[in-house]
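Peer 1: What would the 3D arrangement of this be:
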Amino acid sequence: MSARITFVGVYRFLDQICVASYSPKGDKNDEVAVKSVISSPKVFVEPGRRYTTEGSVCSVHFISDDANRVYTVVTDKAYPSRVAFAMLEEVQAKFVTKVGEKSLTAKEGSLSRTFKGSFSDVCLKYEDVKNVDKISSVQGKVDCLKTKMEENISQMLANEEKLELIGQNAQNLNAQAAVFQNRTTQLQRAMRCKALKMWFLLALVITIVLIIIIVPIVMYAKNNT
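Peer 2: Numbers count the residues shown, from 1 in each chain. Here you go, the predicted model:
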């Protein structure tokens with residue numbers, strides 16, 4: 001069975017230099033063909049957009065990034081473009097992580113050996129479209145489950161924070177109640193002391209008044225006797 005992916009490479013759009021490439025068959029014709037496509041005056045590659053050029057027996061798919069790097073893959077015409085672009089996005093992520101800024105000044109083909117293993121792994125993975133779809137389906141389910149778990153964990157943490165807040169508010173209310181009780185007790189004591197002082201003063205005044213009234217009477221009665 002012939003390979004469905006025949007070439008994958010990374011070019012600099014400004015000078016059309018292929019800094020890294022890989023062909024499962026070791027054929028260089030696709031590299032030249034891709035270079036002629038992206039160097040055409042009619043082609044202007046915008047970051048974030050997807051492009052496909054179809055030939056008589058193959059299709060060239062390519063995307064670019066903000067650094068004007070163009071990621072390309074050559075497949076047979078029946079190969080699904082959605083899978084081709086998924087492959088290019090994976091190539092882009094791995095290439096930027098592994099090579100980074102070196103590609104902006106690298107010479108023609110100087111990064112091919114460095115990235116050969118990654119190119120080979122990606123081509124092998126995306127050669128079987130059905131297998132890729134199964135992986136994507138499983139990955140989608142895993143991502144969905146992961147998202148659901150993250151939501152559940154977030155909800156649990158939010159509920160825990162609410163419970164902690166309620167507990168803290170209850171503690172604050174208890175503390176405020178204790179302070180209020182202490183102040184009430186102190187006020188009651190102060191009022192009792194004040195009342196006792198008032199009764200004492202009143203008793204003293206009554207005693208003095210009685211003395212003032214009774215003593216003259218007693219003295220008068222004694223003198224008359």
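Peer 1: for the helix or strand containing Gln186, packing partners?
Peer 2: If you go by DSSP states H and E, Gln186 is part of helix 129-224. Contact analysis of helix 129-224 by 3 or more C-beta pairs under 8 Å, 6 or more residues apart in numbering; DSSP states H and E lists helix 81-98, helix 112-127 as its packing neighbours. Backbone N, C-alpha and C define where each C-beta goes, glycine included.
Peer 1: Check the offset of that helix from the chain's centre.
Peer 2: 41 Å (C-alpha atoms, centre = their mean, to the nearest Å).
Peer 1: quick check: mean pLDDT across it?
Peer 2: Average pLDDT, helix 129-224: 80.
Peer 1: ok, back up a step: how about the helices and strands packed on helix 129-224 in a markdown table, adding distance to Ser59?
Peer 2: Putting the helices and strands packed on helix 129-224 into a markdown table (distance: least, C-beta to C-beta, whole Å) gives the following:
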| stretch | distance to Ser59 |
| --- | --- |
| helix 81-98 | 7 |
| helix 112-127 | 14 |
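Peer 1: Format those as CSV; extra columns: mean neighbour count.
Peer 2: Output for these, formatted as CSV (neighbours: other C-beta atoms under 10 Å):
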stretch, mean neighbour count
helix 81-98, 17
helix 112-127, 17
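Peer 1: out of those helices, nearest to Val70?
Peer 2: helix 81-98 (9.7 Å; C-beta to C-beta).
Peer 1: Relative to Leu210, which of the helices and strands packed on helix 129-224 is closest?
Peer 2: Taking the helices and strands packed on helix 129-224 one by one with C-beta to C-beta, helix 81-98 is closest: 106.1 Å.
Peer 1: okay, the residue nearest to Lys102 when sequence neighbours are not counted: pLDDT?
Peer 2: Leaving out its chain neighbours, the residue that sits closest to Lys102 by C-beta to C-beta, 6 or more residues apart in numbering is Leu111, at 6.8 Å. The score at Leu111 is 94. That number is its pLDDT.
Peer 1: ok, now Val10?
Peer 2: pLDDT, read off for Val10, is 94.
Peer 1: Would you confirm that it belongs to a strand?
Peer 2: Yes. Val10: assigned to a strand according to DSSP: H, G, I helix; E, B strand; the rest coil.
Peer 1: Distance check, the spatially most central residue of the chain against Leu157.
Peer 2: Centre of the chain computed as the mean C-alpha position; nearest residue by C-alpha atoms, centre = their mean is Glu150, 10.8 Å away. According to C-beta to C-beta, to the nearest Å, Glu150 stands 10 Å off from Leu157.
Peer 1: what does Val205 give?
Peer 2: Counting by C-beta to C-beta, the gap from Val205 to Leu157 is 71 Å.
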